[in-house]
Each structure stands twice: as C-alpha cells, then as structure tokens.
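Visitor: Just the structure for this:
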Amino acid sequence: MLNIVIAGSSGRMGHALLEATLGDADLQLHAAIDREGSPQLGRDAGELFGAACGVKVSDDLAAALQDAHVLVDFTRPEASLAYLEACRKAGVGMVIGTTGFSPAQKELIAAAAREIPIVFAPNMSVGVNLLINLVQAAAKVLAEGYDIEIIEAHHRHKVDAPSGTALRLGEAAAAALGRDLDSCAVYGREGVTGERDPSTIGFATVRGGDVVGDHTVLFAGIGERIELTHKASSRATFALGALRAAKFLEGKQSGLFDMRDVLSLS
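Guide: Numbering: from 1, shown residues only. Prediction:
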C-alpha cells in the first residue's frame, strides 16, 4: 500500500485529493500538509467528508515525509519547489500538478528527478492527455491551410494565464508542425493587428465564476472548422489522475515522467 502525502490540503484541489485518497483501498493517507498559520492545522483531514480518518492536518513537512512514498502537490510554484527539495532530501517521490513554473524552475524539477521519481504534468486528467495526442495527430493532417487557436476558460481564482494545459496543447501542435511555440505563440490581440500570420498559434483566455477548466483547440480552414474540446466538470478527474500517477511511481527510483507516460500514450 502506498503512503500518500497531500500538500495544500485545505485548498480546492487538496480537498479533492483527500477525498479520492481516502476512497482508494490501494492508498493510505499518510499525511495532510497545509501552510503555516492555516486554520485547518490540527484538525482531522477527514472531517470535511464526515468521517475522521486519524490524520491531523500539519505544517511539519519533515515529519510528514517520514515513511512516505509519494507527495502529491497542486499548490503554487514557490511552495512546490520547497516540497520538491524536501522530497529530494527524504527520497520521496512526487506528483506535481502545479502550473505557472518558469523555465528555470522547470530545470530544478528536472534536476531533482535525477534523484527521485517525479510525475510532472500541467493537467492530470486522462481526457486532457488523450486530447494532447489528438491535437498532435490533427496538426499533422491539417498542416497547410488551417489556423490554430487555443481557447481556455477557468475559475476567477486561477492566477496564471494561459493555463499550463493550454500551453501544453500549444506545444503539442507546434511540435507536430516542426515549430517552436516560444517563437510562434500569440497571447493577445488588440487594435489594428493586421492579417493573421498563418504560422502562429493563438491563445485566448477566459476567467470567471467557478469554471473548473475548459480547453478547445480550433483548426480553422476555408469552409470548415475542426474543434477538439475537453470540459472538466469536477476536480475529481484531476485528483483521480494524480493518484493514478502516484501508483505509477511505485518501485521507481528516479526519473521525470508526465501523464502520457502514466497512460502509455507516449
């Protein structure tokens, strides 16, 4: 049985991860971590779901990692990097669903993966990772005469834009076309922009309400449009995917993986 540590346990994803872990007979909730000063500290992590589980929410990361197998993290980049360093020192695997990392921060994750096993993906949903494959296949077929636009929508509390998933979809399309997303992405349009450059990949961002996560990749040609869309209606889909990733790490000593590895889509 895998001993799982949930980081950011008082957050929206933390709640989803706790519920999914407590409902999985193959997993043991080993610890629930929250930020220093959180009002949840000291409370039973299962209280939110109406059943005490015997695990108290704590901010003692070193104690939480003792005898743990995998830490699952959907927090913020700065917190994730602190968890990463602690996991590296403790020899504990990590599932990272946090988004908004800079290139330099991603290098730190890659470096840590030489010592511990890590699944790092901007979206843990099984459906989204299938969508990435579909986008790659479509981009190869629609390489000429089709403009690519990526539209994403999330709740009002999301702090990064475009979403990590939107960027990953853009990377998939760009790679299939032999392009570099950094040089062909267009993240905003305003005023007299001139005609669209056919070699670009456009992004549009929507923020509002409680939208869990919608992503559409639009291939717009002359006389037809192809739209590939994924809509998440619950954070449970991300939690279940993350725990599937945690199980994937069992027995691995090191390495950097993504959800396509977990799902054998690579």
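Visitor: where in the chain is pLDDT low?
Guide: Along the chain, no part satisfies pLDDT under 70.
Visitor: Output the longest helix belonging to the chain.
Guide: When the chain is parsed with DSSP state H, its longest helix is helix 126-141.
Visitor: got the buried residues for that one?
Guide: Under the neighbour-count criterion of 16 or more other Cβ atoms under 10 Å, helix 126-141 has 126, 128, 129, 131, 132, 135, 136, 138, 139 buried. Glycine gets a C-beta too; all of them are placed from N, C-alpha and C.
Visitor: Pull out the CA atoms of that helix and give them to me as PDB.
Guide: This file holds the C-alpha atoms of helix 126-141, laid out as PDB (Å, rounded to 0.1, in the frame of the first residue of the first chain):
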ATOM      1  CA  VAL A 126      -7.000  11.300 -18.500                       C
ATOM      2  CA  GLY A 127      -9.200  13.000 -21.100                       C
ATOM      3  CA  VAL A 128      -6.900  16.000 -21.500                       C
ATOM      4  CA  ASN A 129      -3.900  13.800 -22.000                       C
ATOM      5  CA  LEU A 130      -5.800  11.900 -24.700                       C
ATOM      6  CA  LEU A 131      -6.700  15.300 -26.200                       C
ATOM      7  CA  ILE A 132      -2.900  16.200 -26.400                       C
ATOM      8  CA  ASN A 133      -2.400  13.100 -28.600                       C
ATOM      9  CA  LEU A 134      -5.500  14.000 -30.800                       C
ATOM     10  CA  VAL A 135      -4.100  17.600 -31.200                       C
ATOM     11  CA  GLN A 136      -0.800  16.200 -32.400                       C
ATOM     12  CA  ALA A 137      -2.500  13.900 -34.900                       C
ATOM     13  CA  ALA A 138      -4.800  16.700 -36.200                       C
ATOM     14  CA  ALA A 139      -2.000  19.200 -36.600                       C
ATOM     15  CA  LYS A 140       0.000  16.800 -38.800                       C
ATOM     16  CA  VAL A 141      -3.000  16.300 -41.100                       C
END
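Visitor: on contacts alone, who are the packing partners of it?
Guide: helix 164-176, strand 213-220, strand 225-232, helix 236-248, helix 259-262 (3 or more Cβ pairs under 8 Å, 6 or more residues apart in numbering; DSSP states H and E).
Visitor: What helix or strand is the closest residue to residue 71 other than its chain neighbours located in?
Guide: Among residues not flanking residue 71 along the chain, residue 5 sits closest, at 4.2 Å (Cβ to Cβ, 6 or more residues apart in numbering). In this assignment (DSSP states H and E), residue 5 forms part of strand 2-6.
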